[in-house]
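J.: fold the following and give me the result.
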Amino acid sequence: MILPNGTIVAVADGTTLKLFRNKGMETRLDLVLLDDPAVAPINPGSGARHRSDSANPDRGRPAEDGFAAASAEYLNRLAVEGTLDGLFLIADPRTLGELRKHFHAKLQAKIVGELPKDLVGHPIQDIATAIRNA
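T.: Residues are numbered from 1 along each chain as shown. The predicted structure is shown next:
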């Protein structure tokens with residue numbers, strides 16, 4: 001895939017959001033890591049919780065969903081403020097689905113591509129290769 005110069009690449013999972021800017025031209029990707037965004041998880045709500053692991057085997061999921069919602073809000077803010085021209089999103093399938101639930105219409109209009117893959121812990125070269133092959 002060819003990403004326009006200036007496109008933001010967001011790589012996310014349930015606990016991490018990394019942002020890169022493509023400084024490359026045409027078919028050449030040149031991803032530059034941006035400062036870590038200030039993302040605070042959104043409280044998934046209060047109320048009774050199952051204590052048994054068998055009743056709630058994925059106890060960390062509400063916190064991960066809250067982080068995904070907060071990440072979406074951060075990206076929404078960039079789109080609404082006009083500081084984001086294009087977005088390529090890479091996230092594991094579950095997080096990608098959770099992110100989509102919270103996207104503002106202005107952010108949705110700026111998405112140039114998505115990749116349902118967990119690449120948060122991978123080096124920039126692996127991320128660039130995955131985008132090229134998308």
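J.: what ranges do the helices span in this protein?
T.: 61-81, 93-101, 105-108, 124-133 (DSSP state H).
J.: if you count neighbours, what's buried in stretch 79-87?
T.: 79, 84, 86, 87 (16 or more other CB atoms under 10 Å). In this view, the C-beta of every residue, glycine as well, is placed from N, C-alpha and C.
J.: how about these, which pair is most distant?
T.: 79 and 86 (10.0 Å; CB to CB).
J.: list residues touching both of these two?
T.: Counting by CB atoms under 8 Å, 6 or more residues apart in numbering, the shared contacts of residue 79 and residue 86 are residue 110.
J.: about what we covered before: next, format the helices of the chain as TSV and append distance to residue 29 and mean pLDDT.
T.: As requested, the helices of the chain are exported to TSV (distance: least, CB to CB, whole Å; pLDDT from 0 to 100):
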stretch	distance to residue 29	mean pLDDT
helix 61-81	20	93
helix 93-101	21	96
helix 105-108	22	98
helix 124-133	5	96
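J.: quick check, distance from stretch 107-119 to the centre of its chain.
T.: 8 Å (CA atoms, centre = their mean, to the nearest Å).
J.: just the terminal-to-terminal distance for it.
T.: 22 Å (CA to CA, to the nearest Å).
J.: neighbours around residue 93, how many?
T.: Using other CB atoms under 10 Å, residue 93 has 10 neighbouring residues.
J.: wait, it touches residue 114, no?
T.: No - the criterion here is CB atoms under 8 Å, and residue 93 misses it with residue 114 at 10.2 Å.
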